[in-house]
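Asks: Give me the fold of what follows.
(one chain, ligands or ions: 2)
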Amino acid sequence: MRMSKMYMPTLREVPSEAEIPSHQLLLRAGMIRKLVSGVYSYLPLGYRTIRKVEQVVREEMDRAGSQELLMSAIQPRELWEASGRWANFGPEMWRLKDRNDREFCLGPTHEEYFTDLVKDEIRSYKQLPLNLYQIQTKYRDEKRPRFGLMRCREFIMKDAYSFDIDDDGMREAYQKMWDAYDAIFTRLKLDYKVVQGDTGAMGGKISHEFMAMSDVGEGVVAYCDHCDFAATDEKSAVVYKTREHSREQLQMERVKTPEVKTIDALVEFFGTEKYVFGKSLVYSVQGNPVVVMVPGDRELNETKLANFLGAAGHEIEMADEDMIIAITGANKGFTGPVGLKEGTRLIVDKRVTEIANLVVGGNETDYHLKNVNFGRDFTGEVADDLLMVVEGDSCPVCGEPLRLARGIEVGNIFQLGTKYSTSLGATFLDVNGKEKPFVMGSYGVGISRTVAAIVEQYHDEKGINWPLVAAPYHAIITVVNSRNEEQAELGEKLYSMLTSFGVETLLDDRNERVGVKFNDRDLIGVPVQITVGKKAAEGVIEFSLRSSDNKEEITVDKLKGRIEGVFAEAGLKL
Ligand code: ATP
Ligand code: MG
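Replies: Ligands and ions are numbered 1, 2, ... in the order given. Alright, predicted model coming up:
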């Protein structure tokens, strides 16, 4: 492609809302363009990279025996009613009506639709296993769209669904997809971890997330260096070391604490350790108040709470002041387990029940209670683990200290079991002629988010530094002075030569200052850089790689060999 003709609207100024490198650089390099919040267009350069990533995904899915098709993004309400997710998916689902008032959604995911698709066609166990996939645009009206391609309201996903006769079959299908994802993210040169995930709105019990490691990732991974344990912070089981404490239960006391507002101030005031403060948090769950207690030194994990309650994430939020006053009779900050309004649901993390002589809010403005004990002074529903993991917690598998790191979730695989086949009545006849529901799995890769993740891992202060496999073009020829005939001619000659070898090449033949050309080529990050300058007449050019500062003069006849070397090193064929 000749850059003089290319539609590549690079930006000098990035909008201030672009906070992270991938968002800034993809905008600056003219690869994406925002329409409205969370909705982007992929411009020619950006779309080439999208297609490169799609191609890797396609090849590995095909290799794993999955078959590609393309389903509609529009799905009727009835399908989602059948699975119970019309209500459950909540405000993230993009809903619409047709002219006859029939309700639809723009697919946020396709479990229901795929189940329905095979329902009447696959009748016998002989037709199983089956694995289908598509690469398609998905719609989710995210609460906080942000970070460019990272969290969009319209984005490209590869989603796949497997159908098996039993759990063993499902597990085999799951392993195959896991292996395919390993191959995909390895080929895309991502530094990633596979971690246990929460199954959330998808249902099922087992899931794993593929996390591209990055400090700007929205996900947090807890992992162990000593064994292979790794989980999202939402999922990670917490081993909470119960400390030495007096088992003797003291007399409960009411203490006036008007000026003591923060937990640190309380620690000082009461002269006890932080964990002794039974933290009581008030949530509104489907509109009803629920009080939840955790040790004072720990944070509540809302995902674990949602799972304990059997509620969807969007059905849980912190209660407002009015709700707090209604159940405690006190201002915010004085909630505790003793003397809550009759009938208020109280959930207690198990660790709280093991701490003697707690200090808690008094349910009376400006008062706390000390020496409060579970069983004697209050009771509640006990939950095994509602805590958020922290760095240094013991690994739930081997006991060594855990580490935390941030990651970008680029893929997610789920063992669904029969949740969708049962609710949608999708069955087949087994070997004994008995009707059985399909045992399913579902498998997603965020194609557009993966592009952002690659940029996060491959950039520097000058711009993007694409790994060859994902680069929009393999090579760029910069003609230093386009008005110089010898340079222009050699540029053209190399351009047709490389193109004929199958090297995807950009020719910078623009009438721009050379500084602009160099800056742009570093910004868009094409891996192989060829500079045609003063020595054009002698057939000498400069050869460099975006990923290194080395520049080398070579004669034109060496060029092909050098590029072949770059491909070989990247594990690609020319
Ligand atoms: P997240 O926790 O980030 O919201 P999710 O668990 O909702 O993701 P899935 O339903 O498993 O995501 O979707 C499969 C894949 O699609 C994810 O692994 C991610 O790569 C991608 N994805 C999900 N939501 C978005 C989004 N809003 N923008 C871009 N990609 C997304
Ligand atoms: Mg989500």
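Asks: show me where pLDDT drops low in the chain?
Replies: 243-246 (pLDDT under 70).
Asks: What residues does the stretch 301-450 of the chain have near ligand 1?
Replies: Proximity of the stretch 301-450 of the chain to ligand 1 is confined to 409, 410, 411, 412, 444, 446, 448, 449 under the rule Cβ under 6 Å from any ligand atom. (Glycine included, C-beta is placed from N, CA and C.)
Asks: please redo it, this time with the cut-off set to 8 Å
Replies: Within the stretch 301-450 of the chain, the positions near ligand 1 by Cβ under 8 Å from any ligand atom are 408, 409, 410, 411, 412, 414, 444, 445, 446, 448, 449, 450.
Asks: Make sure I have this right: the fourth one is in a strand.
Replies: Yes: judged by DSSP: H, G, I helix; E, B strand; the rest coil, residue 411 forms part of a strand.
Asks: what residues are up against the nearest residue to it once chain neighbours are set aside?
Replies: The shortest distance from residue 411 to any non-neighbouring residue, by Cβ to Cβ, 6 or more residues apart in numbering, is to residue 210 (3.7 Å). Residue 210 is in contact with 181, 185, 192, 193, 194, 409, 410, 411, 412, 413, 445, counting by Cβ atoms under 8 Å, 6 or more residues apart in numbering.
Asks: Tell me the one among those nearest to residue 433.
Replies: The closest of the contacts of residue 210 to residue 433 turns out to be residue 413 (Cβ to Cβ; 32.1 Å).
Asks: And for stretch 87-95, what's in contact with it?
Replies: Where contact means Cβ under 8 Å, 6+ apart, the residues beyond stretch 87-95 that reach it are 77, 80, 86, 103-106, 108, 139-143, 153, 201, 312-315.
Asks: Now that we have the residues you listed, which of them are buried?
Replies: Listed as buried from the contacts of stretch 87-95 are 80, 86, 104-106, 108, 139-142, 153, 201, 312-313, 315; burial here means 16 or more other Cβ atoms under 10 Å.
Asks: Residue 189 against residue 469, yeah?
Replies: Yes: in terms of Cβ atoms under 8 Å, residue 189 counts as a neighbour of residue 469; the distance is 6.6 Å.
Asks: which residue is nearest the middle of the protein?
Replies: residue 409 (2.7 Å; Cα atoms, centre = their mean).
Asks: And for the residue in the stretch 301-450 of the chain that ligand 1 sits nearest to, the neighbour number?
Replies: Nearest residue of the stretch 301-450 of the chain to ligand 1 (Cβ to the nearest ligand atom) works out as residue 446 at 2.2 Å. By the criterion of other Cβ atoms under 10 Å, residue 446 has 26 neighbours.
Asks: What's opposite it in the beta bridge?
Replies: Counting by DSSP bridges, residue 446 forms beta bridges with residue 157.
Asks: check contacts around it.
Replies: Residues in contact with residue 446 (Cβ under 8 Å, 6+ apart) are 155, 156, 157, 409, 410, 411.
Asks: what's the most distant pair in those residues?
Replies: Pairwise over the contacts of residue 446, using Cβ to Cβ, the maximum falls at 156 and 409, 15.0 Å.
Asks: wait, residue 390 sits on residue 297?
Replies: No: here residue 390 lies out of contact with residue 297, judged by Cβ under 8 Å, at a distance of 9.1 Å.
Asks: picking up where we left off before, hmm, which two among the contacts of residue 210 are most spread apart?
Replies: 193 and 445 (15.5 Å).
Asks: tell me the phi and psi of the closest residue in space to residue 282 that isn't next to it in sequence?
Replies: Using Cβ to Cβ, 6+ apart and skipping the chain neighbours, the partner closest in space to residue 282 is residue 319 (4.0 Å). Main-chain dihedrals, residue 319, degrees, to the nearest 10: phi -70, psi 150.
Asks: Residue 269 - that's part of a strand, no?
Replies: No: read with three-state DSSP, residue 269 is helix and lies in no strand.
Asks: Just confirm it contacts residue 261, I think it does.
Replies: No: judged on Cβ under 8 Å, residue 269 makes no contact with residue 261 at a distance of 10.2 Å.
Asks: More neighbours: those two, which one.
Replies: residue 269 (14 against 10).
Asks: and the more buried one, what is it in contact with?
Replies: Applying Cβ under 8 Å, 6+ apart, we find residue 269 in contact with 257, 260.
Asks: now with 6 Å?
Replies: By Cβ atoms under 6 Å, 6 or more residues apart in numbering, the contact set of residue 269 is residue 260.
Asks: what's the spacing between it and residue 108?
Replies: 48 Å (Cβ to Cβ, to the nearest Å).
Asks: cool, residue 128 as well?
Replies: Using Cβ to Cβ, one obtains 27 Å as the distance from residue 128 to residue 108.
Asks: before we move on, what about residue 156?
Replies: Residue 156 is 13 Å from residue 108, where distance means Cβ to Cβ.
Asks: Residue 82 too?
Replies: Remark: distance between residue 82 and residue 108 (Cβ to Cβ) = 16 Å.
Asks: Let me see the contact set for the closest residue to residue 158 other than its chain neighbours.
Replies: The shortest distance from residue 158 to any non-neighbouring residue, by Cβ to Cβ, 6+ apart, is to residue 445 (4.3 Å). Listed by Cβ under 6 Å, 6+ apart, the contact set of residue 445 reads 57, 158, 411.
Asks: let's see it at 7 Å
Replies: With contact taken as Cβ atoms under 7 Å, 6 or more residues apart in numbering, residue 445 is in contact with 57, 157, 158, 184, 410, 411.
Asks: same deal with residue 142?
Replies: By Cβ under 7 Å, 6+ apart, the neighbours of residue 142 are 38, 92, 151, 153.
Asks: again, but for residue 185
Replies: Residue 185 sits next to 192, 210, 410 when contact means Cβ under 7 Å, 6+ apart.
Asks: Likewise for residue 496?
Replies: No contacts exist for residue 496 under Cβ under 7 Å, 6+ apart.
Asks: For the helix or strand harbouring it, buried residues please.
Replies: Here residue 496 sits within helix 485-500, counting by DSSP states H and E. For helix 485-500, burial by neighbour count (16+ other Cβ under 10 Å) applies to 487, 488, 490, 491, 492, 494, 495, 498.
Asks: and which of these is nearest ligand 1?
Replies: Closest to ligand 1, out of all of these and judged by Cβ to the nearest ligand atom, is residue 498, at 34.1 Å.
Asks: any idea how far the closest one is from residue 482?
Replies: Applying Cβ to Cβ, the value for residue 498 to residue 482 is 18 Å.
Asks: Run the chain-centre distance for the helix or strand hosting residue 278.
Replies: Using DSSP H and E, residue 278 sits within strand 278-285. Chain-centre distance of strand 278-285: 27 Å, with Cα atoms, centre = their mean, to the nearest Å.
Asks: and if you look at stretch 148-156?
Replies: Relative to its parent chain, stretch 148-156 has a centroid offset of 11 Å by Cα atoms, centre = their mean.
Asks: Compute the first-to-last residue distance for it.
Replies: One end of stretch 148-156 to the other measures 13 Å (Cα to Cα, to the nearest Å).
Asks: ditto for stretch 18-34
Replies: This stretch, stretch 18-34, spans 11 Å end to end (Cα to Cα).
Asks: Tabulate the buried residues of helix 485-500 (TSV), appending distance to ligand 1.
Replies: Output for the buried residues of helix 485-500, formatted as TSV (distance: Cβ to the nearest ligand atom, whole Å):
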residue	distance to ligand 1
487	43
488	43
490	43
491	39
492	40
494	38
495	36
498	34
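Asks: Just send the residues you listed back as JSON lines, with distance to residue 50 too.
Replies: Formatted as JSON lines, the buried residues of helix 485-500 follow (distance: Cβ to Cβ, whole Å):
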{"residue": "487", "distance to residue 50": "33"}
{"residue": "488", "distance to residue 50": "32"}
{"residue": "490", "distance to residue 50": "33"}
{"residue": "491", "distance to residue 50": "28"}
{"residue": "492", "distance to residue 50": "29"}
{"residue": "494", "distance to residue 50": "27"}
{"residue": "495", "distance to residue 50": "24"}
{"residue": "498", "distance to residue 50": "23"}
